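Student: Build me a model:
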Amino acid sequence: MTAFETATGDAAPPDAVHPRDSSPQAPTSVSRLNETIRDFVQRWNSVWVEGEITSWNVRGGHVFGRLKDSSLDAVISFRLWASTLQRLPERPGVGDRVVACVKPDYFVKTGDFTFTVSAMRHTGLGDQLERLERLRAQLRSEGLFDPSRKRPLPFLPHVIGLISGERSDAEKDVHRNAELRWPHVRFRTIHAAVQGDRCVPETMAALATLDADPEVDVIVIARGGGDPQTLLGFSDERLLRAVAAAQTPVVSAIGHENDHPLLDDVADLRASTPTDAAKRVVPDVAEQRALVRQLRSRAGSRLAQRVAHDIGQLQQLRSRPVLRDPETMLTGRAQEVWTWASRGREQVRTRLDDARATTAELRAALRALSPGATLARGYAIAHVGDGVIVRDAAQAPTGTEVVVTVARGSFAARSAGELTQDPGSHDDGPTGSKATSSREHRMDA
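Tutor: Predicted coordinates for the structure are as follows:
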């Protein structure tokens, strides 16, 4: 009886491997062995299992993942066809606790053993995912995820600190892509375990060393892809707080685009892959040279355009008549000034003549009314001592000192007070003939 008959109770297939059929001298083939195992496994029935999803990768619409027993740390691999995935009431993900109906399957070509899922129900969050969500909420409440505390990366770092596994693909990707972009880039690399129990303490020690180095301008923590179980170290609270307290900007380059440990949220920059980290940290020298050429070309073009514009403006100004023959403007202005000056002189002359005529008229009127004209005709004015004009002989009795003003000067005199009557001064007839009387006031000089 073969091993197949012992396990299943059925007759072995005719081409099944029998222990008696193989020996060092006549070994069986790998394909025949795998076919025997496949035929053996295919006779197993489907079974319902409960566990936590630790890996969920979609390729071509199908899902390839892993299911973990949280109590015993046992793991199985499963595949979920796209048709089955579409029939699920809700789509689970990494960290979910599910109940799945699985049937074992064995691949002859690769010798891989896996389970095909025909049904799956979501039952809640797994213990691991629940712990991570609680830690995520705590760190977010403390402000460790705030964009305001993220430090900007330098444009061109002098030295890049790199923490990665020894001789890992992540280290090679970072070095190769950074050196392609900037050939003279410098690295200071510290190797550390990127999974397992040594991951957190070694990564923290490397981080402290690089952070204390004054030449290191940025630190990259890089690791290749993996299932969430192997990336748990990069969600450890101790490492997250050490990254948040670092003085040097930290770049998280863990796994692939779908991987998202908590380090991505705490780091100053999250790179989807190690290759992306190299592109984000180091500028491309070819791009920078092209940018410099472009800026120089734009500056030269702008300068040439400005100079051409200014030359055109100058030519336009020079073509104007006033600038082409400046003397024309001066000649026109000179004629205008001469005209206004002549007009001004004429107006001044006219006004002066009018003023002279007016002055002459006023002078004549004043002269006619002036006492000087009367004095010039031989009359005199007598003043008593207090300056009062003598208008009546009674004002100057005999012996009164008077001052007599004539046309040219004045002199002192004394009143001699004698009154004479002119006999012809009376009017004796009805004809109205005049009788004049005169008074003679004799004065002794």
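
Student: Look up how far residue 58 lies from residue 288.
Tutor: When distance is defined by Cβ to Cβ, to the nearest Å, residue 288 is 38 Å away from residue 58. C-betas here are computed from N, CA, C, even on glycine.

Student: How about residue 405?
Tutor: Using Cβ to Cβ, we find residue 405 at a distance of 140 Å from residue 58.

Student: Compare those two and say which one has the larger neighbour count.
Tutor: Between residue 405 and residue 58, residue 405 has the larger neighbour count (other Cβ atoms under 10 Å), namely 17 against 13.

Student: which strand residues sit across from the more buried one in the sheet?
Tutor: For residue 405, the beta-bridge assignment (DSSP bridges) gives partners residue 381, residue 410.

Student: Could you check how far it is from residue 375?
Tutor: With distances defined as Cβ to Cβ, the gap from residue 405 to residue 375 amounts to 7 Å.

Student: any residues in contact with both of those two?
Tutor: In terms of Cβ atoms under 8 Å, 6 or more residues apart in numbering, residue 405 and residue 375 are both contacted by the residues residue 381.

Student: which residues in this protein form helices?
Tutor: In the chain, the helices defined using DSSP state H lie at 3-8, 30-42, 82-87, 127-141, 169-181, 199-212, 237-245, 263-266, 274-281, 285-318, 321-324, 326-369, 371-376.

Student: Can you tell me which of these is most buried?
Tutor: helix 274-281 (a mean of 23; mean count of other Cβ atoms under 10 Å).

Student: Tell me the helices and strands packed up against it.
Tutor: When contacts are defined as 3 or more Cβ pairs under 8 Å, 6 or more residues apart in numbering; DSSP states H and E, helix 274-281 sits against helix 169-181, strand 216-223, strand 250-254.

Student: Looking at the ones you listed, spot the one closest to residue 86.
Tutor: Across the helices and strands packed on helix 274-281, residue 86 has its closest neighbour in strand 250-254 (31.0 Å, Cβ to Cβ).

Student: Give me the angle between the closest one and helix 274-281.
Tutor: Using axes from the mean of the first three to the mean of the last three Cα atoms, to 10 degrees, one finds that strand 250-254 and helix 274-281 are set 160 degrees apart in direction.

Student: Strand 250-254 versus helix 237-245: what angle between them?
Tutor: Using the same axes, to 10 degrees, the interaxial angle of strand 250-254 with respect to helix 237-245 works out to 140 degrees.

Student: What strands line up against strand 250-254, and which way round?
Tutor: Sheet pairing of strand 250-254 (DSSP bridges) gives strand 216-223 (parallel), strand 269-270 (parallel).

Student: among the ones you listed, which is nearest residue 182?
Tutor: The closest of the strands paired with strand 250-254 to residue 182 is strand 216-223. By Cβ to Cβ, the value is 13.0 Å.

Student: Return the distance of that closest one from the chain's centre.
Tutor: For strand 216-223, the distance between its averaged C-alpha position and the chain's averaged C-alpha position is 29 Å (Cα atoms, centre = their mean, to the nearest Å).
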